[in-house]
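Student: With the input below, show me the fold.
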Amino acid sequence: MAESTRIRTLEAKCFCGGIHFTLDIPVADLPLKAYLCHCSICRYNTGTLANMHANLAQGIEPNWIAPSSSKGLTSYLIPGVGYTPKSCSTCGCHVGAVGNDDGTWTLATAILKEHGHDIVKIVSHVFNKSAGDCGLAGILTHIQGKALGTWNPEDDQANAAAPKPKLEVGSDGQERLRAQCHCGGVSFTVPRPSTEIAEHNYAKRFVSPLDPTKWYGTLDICDDCRLINGTPVASWIFVPINAIEPAMGEHLMLGTIKTYASSEGVTRAFCSVCSATVFFLQHSRRYGHVPVVDISTGLLRAPDGAMAESWITWRTRLSFESDGLAFDKDMTEGVVEGMRKWTMERNGGEILADEI
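Tutor: As a prediction, the model looks like this:
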């Protein structure tokens, strides 16, 4: 059979299984060409540093596996944008987007069961200037020794405009860092770590080991986060819940948040409108009686850029590296090596600290 007529069936599934389908891809179209998008829409409506997409040929659509169906999708309409992001209504997983005019699918490849180099080839970063500091594009620069390309619109084009967050100040006169999803339904601020937190025997692990005025951040490549975000790399800071403004209880209900219990003792929260990942809460992890919540850093509006280096010291080592290696070895090795170089350049050495 000619390669032009051969078909390979790929399976895609979110964490909860509410979205589960196959795609019949012509072998001639493989590997799918994927790109990491750093535009503010992708960052703020996933809650991550970048989204990863592959454009599917016209006519290729999900073959739904029952009981899953398109009824389980949340559509997020964005005025003036030619596509509509789609996500799981139950767990919030970003699934992809559909063109408003032609119905063509763009797939979030992180939800594929298989992601080897014969299935997906990551070729470039796009809109990385929008991140302000290049974001994840400054870390994942090479895969298998080959440099990833970059694409940005010309500076005078309308879609080149990047958000310019401003420094915020709380009622106490101290700095605040805004976190907000794309639709604005979830919005809150985080302060600098207090002296009490920075010096507490347990809570200090959530504070930068280099600068007590910064939080400690990590890239996370675990399977659970990938299938709940719909992106290959999650990223978190860890903040006692009583430091967040406005006040929020352990139920995590704030604005348009919807919660999902992903495992025993774990609650995840996402925006019910735009589906941005917001929080991860392991209920047993506490600073005294106060729960410590993970905040998805793609929501952060730091004036210096997506990596928010004026607020965060990033750990060199990835969380759950083994999961990433099993899913996409080449990509994960690129992130591991890139993060090592990135932290070495900034700090003169690797940042190694307690497991969080």
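Student: can you give me the strands for the stretch 51-200 of the chain?
Tutor: Secondary structure of the stretch 51-200 of the chain by DSSP state E, counting those that start in this stretch: the strands cover 51-55, 63-64, 73-75, 83-88, 94-99, 105-108, 120-126, 142-143, 146-147, 149-151, 168-169, 175-180, 187-191.
Student: Compare these and give me the one nearest L30.
Tutor: Set against L30 and scored by C-beta to C-beta, the strands of the stretch 51-200 of the chain come closest in strand 120-126, at 8.6 Å. For glycine as for every other residue, the C-beta is placed from the backbone atoms N, C-alpha and C.
Student: That closest one vs strand 51-55, what angle?
Tutor: Strand 120-126 runs at 110 degrees relative to strand 51-55, counting by axes from the mean of the first three to the mean of the last three C-alpha atoms, to 10 degrees.
Student: helices or strands next to strand 120-126 in the packing?
Tutor: Applying 3 or more C-beta pairs under 8 Å, 6 or more residues apart in numbering; DSSP states H and E, we find strand 120-126 packed against strand 32-37, strand 149-151.
Student: how about those in JSON lines, adding distance to K129 and mean pLDDT?
Tutor: Listed next are the helices and strands packed on strand 120-126 as JSON lines, based on distance: least, C-beta to C-beta, whole Å; pLDDT from 0 to 100:
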{"stretch": "strand 32-37", "distance to K129": "12", "mean pLDDT": "98"}
{"stretch": "strand 149-151", "distance to K129": "9", "mean pLDDT": "96"}
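Student: Quick one: closest of those strands to A108.
Tutor: Nearest of those to A108, taken as C-beta to C-beta: strand 32-37 at 9.5 Å.
Student: Starting from that closest one, tell me which strands it pairs with and how they run.
Tutor: Sheet pairing of strand 32-37 (DSSP bridges) gives strand 51-55 (antiparallel), strand 120-126 (parallel).
Student: what are the bridge partners for S124, then?
Tutor: With DSSP bridges as the rule, S124 is bridged to Y35, G149.
Student: Select the longest helix from the protein.
Tutor: helix 329-347 (DSSP state H).
Student: mind listing what's buried in that helix?
Tutor: By neighbour count on 16 or more other C-beta atoms under 10 Å, the buried set for helix 329-347 is 330-340, 342-343.
Student: What distance do you get for N159 to C274?
Tutor: To C274, N159 is 19 Å away according to C-beta to C-beta, to the nearest Å.
Student: Can you pick out the most distant pair from the buried residues of helix 329-347?
Tutor: D330 and T343 (21.0 Å).
Student: Outline the domain layout of this protein.
Tutor: According to automatic domain parsing, the chain comprises the domains 7-160, 168-347.
Student: picking up where we left off before, can you say which of the strands of the stretch 51-200 of the chain is nearest to V292?
Tutor: Comparison of the strands of the stretch 51-200 of the chain against V292 by C-beta to C-beta identifies strand 187-191 as nearest, at 12.4 Å.
Student: now for the closest one, which elements pack on it?
Tutor: Judged by 3+ C-beta pairs under 8 Å, 6+ apart, strand 187-191 is in contact with strand 175-180.
Student: what angle do the strand it packs on and strand 187-191 make?
Tutor: Relative orientation of strand 175-180 and strand 187-191, computed by the same axes, to 10 degrees: 150 degrees.
Student: could you say what helices and strands strand 175-180 packs with?
Tutor: Counting contacts by 3+ C-beta pairs under 8 Å, 6+ apart, strand 175-180 packs against strand 168-169, strand 187-191.
Student: can you tell me the average pLDDT over the last one?
Tutor: Mean pLDDT, taken over the full extent of strand 187-191, equals 98.
Student: same question, the first one
Tutor: The average pLDDT within strand 168-169 is 96.
Student: Which strands border it, and is each parallel or antiparallel?
Tutor: By DSSP bridges, strand 168-169 pairs with strand 175-180 (antiparallel).
Student: Nearest spatial neighbour of F127, chain-adjacent residues omitted?
Tutor: Nearest residue to F127, sequence neighbours excluded (C-beta to C-beta, 6 or more residues apart in numbering): C39, at 3.9 Å.
Student: Show me what N63 bridges to in the sheet.
Tutor: Under the criterion used (DSSP bridges), N63 bridges to T22.
Student: give me the number of residues near it?
Tutor: 11 (other C-beta atoms under 10 Å).
Student: just the helices and strands packed on strand 175-180: most buried one?
Tutor: strand 187-191 (a mean of 18; mean count of other C-beta atoms under 10 Å).
Student: picking up where we left off before, which of N159 and C274 has more neighbours?
Tutor: Neighbours per residue (other C-beta under 10 Å) separate N159 from C274, with C274 holding more: 26 against 14.
Student: how far away is that one from A162?
Tutor: Counting by C-beta to C-beta, the separation of C274 from A162 is 19 Å.
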